[in-house]
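A.B. asks: Just to be clear, the model below is a prediction. Sequence and coordinates:
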Amino acid sequence: MELTPRLALINWLTVQGLTGLPEIEMLRGFCERCRAEGIELSRGLVVIDTLHPMYEGRAFRWSDVPSNERDVIEYGSTAEGDPAKNWRRSVFYHLLEHGEDEMLIDLADVTSLDFSQIGELAEKGHRHFLAFVHRFGETGALGQMDCLYSYWTTRRPEGFAESELSALRDLVPVLGLTIKSAQQVDIVRTLGRVYLGRDASEQVLRGRISRGVTERINAVLWYSDLRGSTGISESIGPDEIIPFLNDYAQAVIDAIHDAGGDVLKLIGDGVLAMFTGEDMAAARRAALRAEHLFRKNIVVLNAKRAADGRPTTSAYIGLHVGEVFYGNIGSEDRLDFTVVGPTVNEVSRIASMSRSVDRELLASAEFYAGLDAAGRRYLVSTGRYALRGIGRAQDLYTLDPDIDTNEPVTGSYERYLAG
C-alpha cells in the first residue's frame, strides 16, 4: 500500500473513531479498504479485554467469505478450565511470555506448531498468519485492558509481501486505538449502569454531575429487604453469604428492570427502586407488575436452592408514591445520584411494617388512591398504622389473598398487570 492510501485509511479510522462507529463496523471497513488497496486480507480478528462484571473481554471478527460465525464474541474468564488451556496455547500468550510484539507464521508448516486455531485456519485455505500484541503501558491500562491482540491472514499463495507487512505494522495500531477508545466509552456506560442504575447513569453521562443539582419528581418508590437474612447469614459459612445475597438481589433487580423500573441503591440486602412516567397510575401498575414478577422469580430460585440443600427466603416489599428530590447529593469529591425526601423514609418504614403485620407486600394509602379503579380491586386494607419516625398514621394495603388461592382471580390480576 502506497503512502497516500495509507494516510487516507488512517484519516478514515480517526474520523470514524471520533464519530463512534461500532467496533465491528470499524474492523469491516478497515479490512475492505485494505483489500481495495491490494492487501488481500482473508481474515481479521481483534481481541481486547475490558472491565465488566460478567465478561473478561470482547473479540471482533471479519472474514472474506460468508460464514455462520459470530462477528462479536464476549468471553468470560480465561483463568481456569478449558478457556485457560486454550489461552495458554494461543499465539498471543506465546508473544506475551516471550516479550515479543509480532509473529508471522507460514500456515503450510503448521504441523510443527502447537498453537490453538492455527490448524483450522490452514484447513480453510489461509496461507499466511500475522499476529500482533500492542501493549498499552501502565497509564493506558484500565483493569485487565492492558493489550490489544490481533491477527490477520491472507489466502495468497506467496503470503504477505514485505510492503504489506509494513503497511499493517503502521495501520493496525491506529485501528487498535479507535477500538480501545470505543471500549473505554462502553466501560464508562457499563460501570454507570452497574453502580448508579440505568436512568441515573444516563443522567450523569449527559452531564448532570454538579453537586446539588436535583429536580423534584413524582415517583413510585419500592423498598424491599429479605426475610430473616440476618439469621440465615449467621447459620451459613462465610463463603455462602455473598452467593446467597447475589441470588436474591438478582431475583429482585431482574423483576424491577423487566417491569420498567430503575434500581437506585442496594443497602445491604435492601433494594431501593423507583417507577416514573407521565402516567403515575401506569407507574403504580408497573410496580405491582415488578412485585408479581419477583414472586415468580422467587419460586424458581427457591426450588433450585432447596434442591441444592441451600437456605431459602423471600422478601418484604413496601410501595409508596410522592415527591422526591432526584439528583446529586454529597460532598465535593463523593457524590451519589439518588432520591431523598420524606417519601423515601416512609417507604422504608412501610417495608419494615410488613414484618409486624406478616404481609409480604404493603402499599401506602397514596399508592392505593392513585391506582385506577381496576387496580384498586386487587388491594385490601390491613388497617391503620403509626410508622416509626413518621408523624402521622396511615392506612396500609396488601394484595387480596384470593390472588394466590383463586385461579380466576389470579388470571384476572395477571391480565390487569399485562395491560
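C.D. replies: Thanks, I have the structure now.
A.B. asks: Return the backbone torsion pair for P22.
C.D. replies: phi -60, psi 150 (degrees, to the nearest 10).
A.B. asks: buried stuff in the longest strand along the chain?
C.D. replies: Across the chain, the longest stretch assigned as strand under DSSP state E is strand 315-330. For strand 315-330, the neighbour count (16 or more other Cβ atoms under 10 Å) marks 315-322, 324, 326-329 as buried. Just so you know, the C-beta spots here come from the backbone N, C-alpha and C atoms, and that holds for glycine as well.
A.B. asks: now swap in stretch 403-413 and tell me
C.D. replies: Applying 16+ other Cβ under 10 Å to stretch 403-413 flags 403, 409, 412-413 as buried.
A.B. asks: again with stretch 29-48
C.D. replies: Counting neighbours by 16+ other Cβ under 10 Å, the buried set in stretch 29-48 is 29-31, 33-34, 37, 39-48.
A.B. asks: how about a markdown table for the buried residues of strand 315-330, with pLDDT and distance to P66 added?
C.D. replies: Below are these laid out as a markdown table (pLDDT from 0 to 100; distance: Cβ to Cβ, whole Å):
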| residue | pLDDT | distance to P66 |
| --- | --- | --- |
| A315 | 96 | 49 |
| Y316 | 96 | 54 |
| I317 | 97 | 50 |
| G318 | 97 | 55 |
| L319 | 97 | 52 |
| H320 | 97 | 55 |
| V321 | 97 | 54 |
| G322 | 95 | 57 |
| V324 | 94 | 53 |
| Y326 | 90 | 49 |
| G327 | 88 | 50 |
| N328 | 85 | 50 |
| I329 | 85 | 53 |
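A.B. asks: need these in CSV with distance to H134, can you?
C.D. replies: Output for the buried residues of strand 315-330, formatted as CSV (distance: Cβ to Cβ, whole Å):
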residue, distance to H134
A315, 48
Y316, 52
I317, 50
G318, 52
L319, 52
H320, 53
V321, 53
G322, 54
V324, 48
Y326, 43
G327, 41
N328, 38
I329, 42
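A.B. asks: follow-up on the earlier one: show me the two of the buried residues of stretch 403-413 that sit farthest apart.
C.D. replies: I403 and S412 (8.7 Å; Cβ to Cβ).
A.B. asks: list the helices and strands the longest strand of the chain packs on?
C.D. replies: Packing contacts for strand 315-330, counted by 3 or more Cβ pairs under 8 Å, 6 or more residues apart in numbering; DSSP states H and E, involve strand 214-226, helix 280-307, strand 335-340, helix 342-357, strand 361-364, helix 365-369.
A.B. asks: Could you name the stretch from those that's closest to E164?
C.D. replies: E164 sits nearest to strand 335-340 of all the helices and strands packed on strand 315-330, at 50.3 Å, using Cβ to Cβ.
A.B. asks: Check the average confidence over that closest one, would you?
C.D. replies: When pLDDT is averaged along strand 335-340, the result is 86.
A.B. asks: just how off-centre is that strand within its chain?
C.D. replies: 21 Å (Cα atoms, centre = their mean, to the nearest Å).
A.B. asks: now the helices for the stretch 51-200 of the chain?
C.D. replies: Here the stretch 51-200 of the chain has its helices, by DSSP state H, counting those that start in this stretch, at 81-88, 91-97, 118-123, 162-196, 198-205.
A.B. asks: in the last one, what counts as buried?
C.D. replies: Looking back up the chat, that one is helix 198-205. Across helix 198-205, burial judged by 16+ other Cβ under 10 Å covers 199-201, 203-204.
A.B. asks: picking that back up, take the helices of the stretch 51-200 of the chain and lay them out in a markdown table including mean pLDDT and distance to L21.
C.D. replies: Listed next are those as a markdown table, based on pLDDT from 0 to 100; distance: least, Cβ to Cβ, whole Å:
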| stretch | mean pLDDT | distance to L21 |
| --- | --- | --- |
| helix 81-88 | 93 | 29 |
| helix 91-97 | 95 | 25 |
| helix 118-123 | 91 | 27 |
| helix 162-196 | 93 | 8 |
| helix 198-205 | 84 | 19 |
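A.B. asks: Brilliant, that's me finished.
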